[in-house]
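> sequence unknown, structure follows:
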């Protein structure tokens with residue numbers, strides 16, 4: 001039994017030159033449609049920042065926990081000492097701890 005393949009049509013495969021063509025981006029489509037690029041050069045801001053109001057609704061003084069203070073003192077003690085000097089007069093000043101190996105200095 002033979003079949004007549006003359007009526008069969010194979011799908012056309014994309015050639016290399018066809019593969020380099022890509023559909024236009026949305027910006028390219030808009031530019032083609034409008035005749036000028038999008039976004040417009042010199043477009044005004046979406047919101048007029050001069051009308052914005054900044055409010056502060058934090059309590060005065062801002063509550064800070066002891067744990068928060070300890071974290072800052074551990075991580076930023078060198079910076080605080082450099083800025084304000086070492087804390088020598090505080091009654092809760094204990095031995096200084098080396099954070100890298102956990103020993104006291």
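Okay, I see it. A quick note: this is a predicted structure, and the numbers were derived from the prediction, not measured.

> who does the longest helix along the chain touch, helix- and strand-wise?
Once the chain is assigned using DSSP state H, the helix that runs over the most residues is helix 66-84. Applying 3 or more Cβ pairs under 8 Å, 6 or more residues apart in numbering; DSSP states H and E, one finds that helix 66-84 makes contact with no other helix or strand. (C-beta placed from N, C-alpha, C; glycine too.)

> Looking at it now, give me its mean pLDDT.
Averaged across helix 66-84, the pLDDT comes to 90.

> Just the pLDDT at residue 55, thanks.
pLDDT at residue 55 comes out at 87.

> and it, helix, strand or coil?
Following DSSP: H, G, I helix; E, B strand; the rest coil, we place residue 55 in the coil state.

> Poorly predicted segments of the chain, please.
Residue ranges of the chain with pLDDT under 70: 1-19, 38-45, 89-105.

> can you give me the helices in it?
16-20, 26-34, 66-84.

> Reformat these into JSON lines and put mean neighbour count next to each item.
What follows is the helices of the chain, written out as JSON lines (neighbours: other Cβ atoms under 10 Å):
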{"stretch": "helix 16-20", "mean neighbour count": "8"}
{"stretch": "helix 26-34", "mean neighbour count": "11"}
{"stretch": "helix 66-84", "mean neighbour count": "10"}
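
> Turn those into CSV, including distance to residue 53.
Output for those, formatted as CSV (distance: least, Cβ to Cβ, whole Å):
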stretch, distance to residue 53
helix 16-20, 53
helix 26-34, 35
helix 66-84, 29
